[in-house]
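Peer 1: please find the sequence and the predicted model below.
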Amino acid sequence: MARMPFIKNFADEDPLTRAMAPPPDESQEERNTRLRREADAQRISDEIDERIGQDRAAWRRNKSLFKLLLLGQSESGKSTTLKNFQLAFARRAWQAERASWRAVIQLNLIRSVNTVLDVFTDELARADAAARSPSSSPPFRPTSVADRPALFALAQPLVPTDSAGSDHNHSSTLPRPRTQPVRRAHSAHVVPAASQSKQSPPPPLPFASKHSLLKLRLAPLRRVEADLTRRLGAASVDEQFDAPEAATPSEIGSASAGDSDDLMVATPFDVAYARARRAPGEPFVRAHRSWRDSLGEHSRGRLGRRRGESSDREMDTDDATEVIASCAEAIAELWADEVVQEMLRRRKMRLDHGPGFFLNDVGRIATRGYEPSDDDVVRARLRTLGVQEHHLVFETETGSDIAKEWIIYDVGGSRTTRAAWLPYFDDANAILFLAPISCFDELLTEDHRVNRLEDSFVLWKAIVSSKLLANCILILFLNKFDLLERKLQSGVQVRKYLPSFGERENAAPVLAKYLHHKFREQMKELSPKPRQFYGYLTSAINTRATAATLSSVRDGIIRQHLEKADFV
Ligand SMILES: Nc1nc2c(ncn2[C@@H]2O[C@H](COP(=O)(O)OP(=O)(O)OP(=O)(O)O)[C@@H](O)[C@H]2O)c(=O)[nH]1
Ligand SMILES: [Mg+2]
């Protein structure tokens with residue numbers, strides 16, 4: 001092996017050079033290895049530099065991109081509006097994502113089936129007990145039903161006060177002022193049988209053996225529900241009031257876990273509130289893992305497991321589809337059954353008014369080759385955890401630079417996740433606020449003491465009065481107009497829940513106009529600077545109408561943004 005000559009020069013005096021110099025007796029082979037190692041190290045270092053450069057460029061680009069924040073309480077329709085944005089302006093990206101919604105829609109469908117089965121089981125138990133001891137029918141205890149995620153919690157009507165029927169004392173307040181006694185919510189979407197009527201009880205429901213058989217045929221869906229829930233993660237489980245989920249630090253920014261009571265305020269993103277609670281230097285987490293990550297991780301976990309390793313093996317997506325498809329007929333029979341429908345009517349359960357309702361589409365969805373349609377994805381329900389950042393690259397040319405790419409932030413709207421909103425206020429250019437107007441008679445899922453309309457209104461007031469958002473363009477969507485129409489047509493009286501509505505006609509357009517006026521007045525009164533009011537009446541599941549609204553919203557935003565830029 002030839003030895004390289006070792007040449008000593010004055011650089012040998014420098015300790016750094018000495019430390020980095022090759023060994024004096026380095027062989028040719030050792031030299032080659034060293035040079036290869038150094039080249040590898042250089043390549044890695046260059047890659048890191050390039051990545052840092054790209055990150056910096058992305059950060060600079062993001063900083064100059066237009067940022068839209070979707071705000072509003074949980075189930076107000078923020079994610080649905082985001083889907084409408086993607087559907088209207090970024091169809092290719094939308095189509096690429098559509099298939100991943102299949103598991104969510106399947107879970108939504110199965111939840112409805114299992115909810116019906118829970119009520120059914122409860123009814124059978126009651127009928128059994130009544131048959132054994134006809135004189136003392138047991139009190140209604142919908143334990144298993146109450147444990148299920150709520151579709152919506154119903155508020156008790158307000159007891160009319162002296163001012164009921166007159167609007168005079170309620171010019172700026174919407175539902176119940178906070179000082180009024182707390183109204184009890186009924187569990188989930190169920191009205192206790194005992195409270196439904198003071199008249200003689202209706203005849204018992206004529207259940208037959210075919211109903212018990214149906215229950216048996218549908219039993220495998222329990223496991224599918226548990227498995228899909230596990231696979232989709234926390235986003236697929238609604239918060240419960242009775243056992244509020246302790247928010248984790250990654251979900252709610254700086255707030256610590258276990259402080260859920262403290263977080264049960266409408267506006268924990270308030271600057272003063274956040275400052276008081278936030279330890280110096282403690283960072284907010286700016287984004288939460290998406291449910292798609294857990295879906296991917298889960299399948300990786302499954303693939304990593306050895307075949308037959310556990311008898312309690314989790315189902316894969318195809319197993320779940322197979323079970324659902326094999327239950328399709330039984331699901332359709334259950335939903336079409338007259339007795340079951342009467343049972344739901346007696347319990348005042350309006351499953352079809354709740355989110356993620358797919359029982360009318362069983363024939364299409366409970367099949368082996370099911371592919372979600374655009375409408376299915378828009379109607380699917382999965383709650384947002386934390387704050388999700390979405391890049392919307394407009395596929396249609398609009399002629400304006402700011403309308404090429406936007407960042408849209410979709411936030412979790414429940415009270416326990418609102419603390420995470422604040423860091424996004426700094427550089428938001430526009431806020432689209434969603435207020436569902438069909439929910440004047442409902443209570444928050446996460447806090448059954450609070451009327452949903454009241455919560456929306458309190459949130460709106462905090463947003464419009466925020467100094468941090470004083471330069472932000474504000475747009476209001478009075479959403480779920482379709483549900484409002486259906487609700488009022490079914491006979492629900494607005495003034496029972498909203499005395500300030502007075503003797504106005506009990507019609508959806510009248511209530512919409514009334515609320516539009518209230519929201520606008522609050523903005524005029526509370527905005528730190530005068531700003532224009534943009535209020536729209538929307539039904540976000542109507543994609544065609546929403547696309548038209550979003551086009552005009554986008555044009556309005558661009559115009560206002562450019563005007564502001566000119567002004568500055
Ligand atoms: N009928 C009807 N349903 C709607 C409308 N807007 C949204 N929904 C449904 O309501 C459910 C909840 O909507 P989301 O968009 O998930 O609500 P969100 O505001 O993102 O809720 P969080 O993520 O919990 O904050 C979904 O199943 C939607 O399909 C509407 O205008 N009409
Ligand atoms: Mg959402």
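Peer 2: Received, thanks. Ligands and ions are numbered 1, 2, ... in the order given.

Peer 1: output the below-cut-off pLDDT ranges for the protein.
Peer 2: Residue ranges of the chain with pLDDT under 70: 1-13, 15-20, 55-63, 134-199, 240-263, 272-317, 397-403, 565-568.

Peer 1: ok, which stretches of it are strands?
Peer 2: 66-71, 153-154, 387-393, 405-411, 430-436, 442-443, 473-479, 534-537 (DSSP state E).

Peer 1: dump the ones you listed to a markdown table, plus mean neighbour count.
Peer 2: The way it works is simple: take the backbone N, C-alpha and C, and place the C-beta from them, glycine included. What follows is the strands of the chain, written out as a markdown table (neighbours: other CB atoms under 10 Å):
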| stretch | mean neighbour count |
| --- | --- |
| strand 66-71 | 24 |
| strand 153-154 | 22 |
| strand 387-393 | 17 |
| strand 405-411 | 21 |
| strand 430-436 | 24 |
| strand 442-443 | 24 |
| strand 473-479 | 24 |
| strand 534-537 | 18 |
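
Peer 1: out of the ones you listed, which gets nearest to residue 27?
Peer 2: Proximity to residue 27 (CB to CB) singles out strand 387-393 among the strands of the chain, at 53.7 Å.

Peer 1: follow-up on the earlier one: reformat the strands of the chain as CSV; add distance to residue 508.
Peer 2: Below are those laid out as CSV (distance: least, CB to CB, whole Å):
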stretch, distance to residue 508
strand 66-71, 24
strand 153-154, 19
strand 387-393, 31
strand 405-411, 27
strand 430-436, 13
strand 442-443, 16
strand 473-479, 11
strand 534-537, 9
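
Peer 1: tell me, how many neighbours does residue 548 end up with?
Peer 2: 12 (other CB atoms under 10 Å).

Peer 1: related to what we said a few turns ago, dump the strands of the chain to JSON lines, plus distance to ligand 1.
Peer 2: Listed next are the strands of the chain as JSON lines, based on distance: least, CB to the nearest ligand atom, whole Å:
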{"stretch": "strand 66-71", "distance to ligand 1": "8"}
{"stretch": "strand 153-154", "distance to ligand 1": "14"}
{"stretch": "strand 387-393", "distance to ligand 1": "9"}
{"stretch": "strand 405-411", "distance to ligand 1": "7"}
{"stretch": "strand 430-436", "distance to ligand 1": "6"}
{"stretch": "strand 442-443", "distance to ligand 1": "12"}
{"stretch": "strand 473-479", "distance to ligand 1": "5"}
{"stretch": "strand 534-537", "distance to ligand 1": "10"}
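
Peer 1: from ligand 2, how far out is residue 377?
Peer 2: Distance of residue 377 to ligand 2, computed by CB to the ion, to the nearest Å: 13 Å.

Peer 1: which residue is the nearest non-sequential neighbour of the closest residue to ligand 2 within the stretch 251-400 of the chain?
Peer 2: Closest residue of the stretch 251-400 of the chain to ligand 2, CB to the ion: residue 384 (3.2 Å). Leaving aside its sequence neighbours, residue 384 sits nearest to residue 412 (CB to CB, 6 or more residues apart in numbering; 4.4 Å).

Peer 1: what's near enough to touch the one you found?
Peer 2: Contacts for residue 412 (CB atoms under 8 Å, 6 or more residues apart in numbering) come out as 74, 251, 288, 383-387, 418, 420.

Peer 1: report the two of the residues you listed separated the most.
Peer 2: Longest span within those, CB to CB: 74 and 288, 14.6 Å.

Peer 1: residues of the helix ranked longest in the chain that come out buried?
Peer 2: Assignment by DSSP state H gives helix 28-64 as the longest helix of the chain. For helix 28-64, burial by neighbour count (16 or more other CB atoms under 10 Å) applies to no residue.

Peer 1: thought residue 520 was touching residue 533?
Peer 2: Yes. Contact criterion CB atoms under 8 Å: residue 520 and residue 533 qualify, at 4.9 Å.

Peer 1: what's the overlap in contacts for the two?
Peer 2: By CB under 8 Å, 6+ apart, no residue touches both residue 520 and residue 533.

Peer 1: returning to what we had before: so what's the residue of the stretch 251-400 of the chain closest to ligand 2 up against?
Peer 2: Residue 384 touches 78-79, 235, 410-413, 417, counting by CB under 8 Å, 6+ apart.

Peer 1: if we can go back for a sec, any idea how far the residue nearest to residue 384 lies from residue 229?
Peer 2: 18 Å (CB to CB, to the nearest Å).

Peer 1: which residue comes closest to the closest residue to ligand 1 within the stretch 101-250 of the chain once chain neighbours are left out?
Peer 2: At 7.6 Å from ligand 1, residue 108 is the closest residue in the stretch 101-250 of the chain, using CB to the nearest ligand atom. The spatial neighbour of residue 108 that comes closest, neighbours along the chain excluded (CB to CB, 6+ apart), is residue 356 at 3.3 Å.

Peer 1: who touches the residue of the stretch 201-350 of the chain found nearest ligand 2 in this structure?
Peer 2: Residue nearest to ligand 2 within the stretch 201-350 of the chain: residue 235 (8.6 Å; CB to the ion). The contact partners of residue 235, by CB under 8 Å, 6+ apart, come to 291, 382-385.
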